[in-house]
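Participant: model this:
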Amino acid sequence: MIKRQEKSAAPRQRRKEARPSELIAAALDLFVERGFAATKLDDIAARAGVSKGTLYLYFASKEELFKAVIQQGIMPVVSQGEEMLAQHSGDMRSLLCELIYRWWDELVDDARLAAIPKLIISESGNFPDVARFFYENVSKRVEDLLGAVLRRGIECGEFRPVDIASAIDLISAPILMRTIWQYSMAPFGCGGAKDPEIYLDTYIDMLLNGLLVKERSHE
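Facilitator: Sure, this is the predicted structure:
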């Protein structure tokens, strides 16, 4: 499994050019702690150590801050996956596994980033613009990426023919559900602790056994 590199905690700086990233980090912390609706811009400014006026120099609203959280935290991981597909010249099985392992390590193992899908789902009714932004810039791009991998695998005879749209949902759903459960129900003892590596290995095994073309035994 591809492991995330440990991120060192950089000391906060008060240089003007550093403030947007500090505000984004403070916003993410508070969104995770309190939820999007309950977080106030005053609280974000205070957590970042700046005035509310300074916050408005960079972000016009709380929704814009949430979009910036998505842009900084999740969209680079999606872009990385798209680049991996563009440069990949080997089999689709290895690429699909590498994408899943990387997404798991970069997003699911990071409690702050993993909370974002839960926030999107819970707050989408009240903040549809943010939900649409997440879908267009994250979910739709992941769907397109997985669809391209599946189509190439089918075209080269590596994967058996499947309904692409349904397969994309079936690939995404276990990771999404695990992420939501891990940072909502599991901390309160609901469902029992599951070893994440065993879960991921079992998921990959079942996925590949459903997709790969089986070699026919010679009589």
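Participant: can you list the weak-confidence ranges in the protein?
Facilitator: 1-18, 191-194, 215-219 (pLDDT under 70).
Participant: correct me if wrong, but V50 is in a helix.
Facilitator: No - under DSSP: H, G, I helix; E, B strand; the rest coil, V50 falls outside any helix and is assigned coil.
Participant: quick one, domains of the protein?
Facilitator: 16-66, 74-211 (automatic domain parsing).
Participant: turn those into CSV, columns for mean neighbour count.
Facilitator: All C-beta atoms are positioned from the backbone trio N, CA, C, and that covers glycine. Below are the domains of the chain laid out as CSV (neighbours: other Cβ atoms under 10 Å):
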stretch, mean neighbour count
domain 16-66, 17
domain 74-211, 15
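Participant: tell me how far L119 lies from T179.
Facilitator: Distance, L119 to T179, using Cβ to Cβ, to the nearest Å: 11 Å.
Participant: how about the helices in the chain?
Facilitator: 19-34, 41-48, 52-58, 62-73, 75-87, 92-103, 111-123, 128-134, 140-155, 164-182, 196-211 (DSSP state H).
Participant: between these, which one is closest to C190.
Facilitator: helix 164-182 (8.1 Å; Cβ to Cβ).
Participant: now the angle from the closest one to helix 111-123?
Facilitator: In terms of direction (axes from the mean of the first three to the mean of the last three Cα atoms, to 10 degrees), helix 164-182 departs from helix 111-123 by 110 degrees.
Participant: give me the contacts around helix 164-182.
Facilitator: Contact with helix 164-182 is made by 100, 103-104, 107-108, 114, 117-118, 121, 142-143, 146-147, 150-151, 191, 196, 199, 203, 207, 211, as judged by Cβ atoms under 8 Å, 6 or more residues apart in numbering.
Participant: the same query, at a cut-off of 6 Å, please.
Facilitator: Contact partners of helix 164-182, identified using Cβ atoms under 6 Å, 6 or more residues apart in numbering, comprise 108, 114, 117-118, 143, 146-147, 150, 203.
Participant: now the angle from that helix to helix 140-155?
Facilitator: Using the same axes, to 10 degrees: helix 164-182 against helix 140-155 is 130 degrees.
Participant: make 38 the starting number, not 1.
Facilitator: In the new count, where the first residue is 38, that last one comes out as helix 201-219.
Participant: how distant is helix 201-219 from the center of its chain?
Facilitator: 11 Å (Cα atoms, centre = their mean, to the nearest Å).
Participant: please export the alpha-carbon coordinates of it; PDB is fine.
Facilitator: Coordinates of each C-alpha in helix 201-219 appear next as PDB, following Å, rounded to 0.1, in the frame of the first residue of the first chain:
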ATOM      1  CA  ILE A 201     -19.800   1.200 -16.700                       C
ATOM      2  CA  ALA A 202     -22.100   3.600 -14.700                       C
ATOM      3  CA  SER A 203     -23.100   0.900 -12.300                       C
ATOM      4  CA  ALA A 204     -19.600  -0.300 -11.900                       C
ATOM      5  CA  ILE A 205     -18.400   3.200 -11.000                       C
ATOM      6  CA  ASP A 206     -20.900   3.400  -8.200                       C
ATOM      7  CA  LEU A 207     -20.000   0.000  -6.900                       C
ATOM      8  CA  ILE A 208     -16.300   0.900  -6.800                       C
ATOM      9  CA  SER A 209     -16.900   4.200  -5.100                       C
ATOM     10  CA  ALA A 210     -19.600   3.300  -2.600                       C
ATOM     11  CA  PRO A 211     -17.600   1.000  -0.200                       C
ATOM     12  CA  ILE A 212     -14.900   3.600   0.200                       C
ATOM     13  CA  LEU A 213     -17.400   6.400   0.700                       C
ATOM     14  CA  MET A 214     -19.400   4.400   3.200                       C
ATOM     15  CA  ARG A 215     -16.300   3.400   5.100                       C
ATOM     16  CA  THR A 216     -15.100   7.000   5.300                       C
ATOM     17  CA  ILE A 217     -18.500   8.200   6.600                       C
ATOM     18  CA  TRP A 218     -18.800   5.400   9.100                       C
ATOM     19  CA  GLN A 219     -15.300   5.700  10.400                       C
END
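Participant: sweet, I'm off.
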